[in-house]
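[1] 3D model of this:
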Amino acid sequence: MSEAPNRYERFFKPFRNIFVLSLIVFAIWMLFFDSNSWFIHNELNQDIKKLEEEKKYYEGEIEKDKTEIETLSTEQGLEKYGREHYKMKKENEDIYIIEYEDSLANKSKDEE
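    All right, here's what the predicted structure looks like:
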């Protein structure tokens, strides 16, 4: 019967030291309960990654818009844009719109 307490005593012996106990309490406090805990830092790091990805996306969109603005600043680019998107034409000019079967199928799917 005297061997059972010795077996458990070996396990609990380090926990009798006040420094080990204070270190354990401090680690638990910093990991879970502090305002700067590990969990909060993890969430903030994930938010930072998402925001950086959004930043890259919007920077790419800004570059696309800049190139489109440059093309629309010229008269030829503006005319091309008007012809393609608004089906505009010059006087005494005929425009024929050619639509392929696959483009018609895509339009019908989009309309539904």
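[2] For the residue nearest in space to the middle of the chain, what is the enclosing helix or strand?
    Most central in the chain under C-alpha atoms, centre = their mean is residue 50, positioned 3.6 Å from the mean C-alpha point. Taking DSSP states H and E as the definition, one finds residue 50 inside helix 38-73.
[3] Can you list the helices and strands that whichever helix or strand comes after that helix packs against?
    For helix 38-73, the following helix or strand on the C-terminal side (DSSP H and E) is helix 75-86. Packed against helix 75-86, as judged by 3 or more C-beta pairs under 8 Å, 6 or more residues apart in numbering; DSSP states H and E, are the following elements: helix 38-73. For the C-beta atoms, the positions are set from N, CA and C on the backbone; glycine is no exception.
[4] elements contacting the helix it packs on?
    Using 3+ C-beta pairs under 8 Å, 6+ apart: helix 38-73 touches helix 75-86.
[5] what secondary structure does residue 91 sit in?
    coil (DSSP: H, G, I helix; E, B strand; the rest coil).
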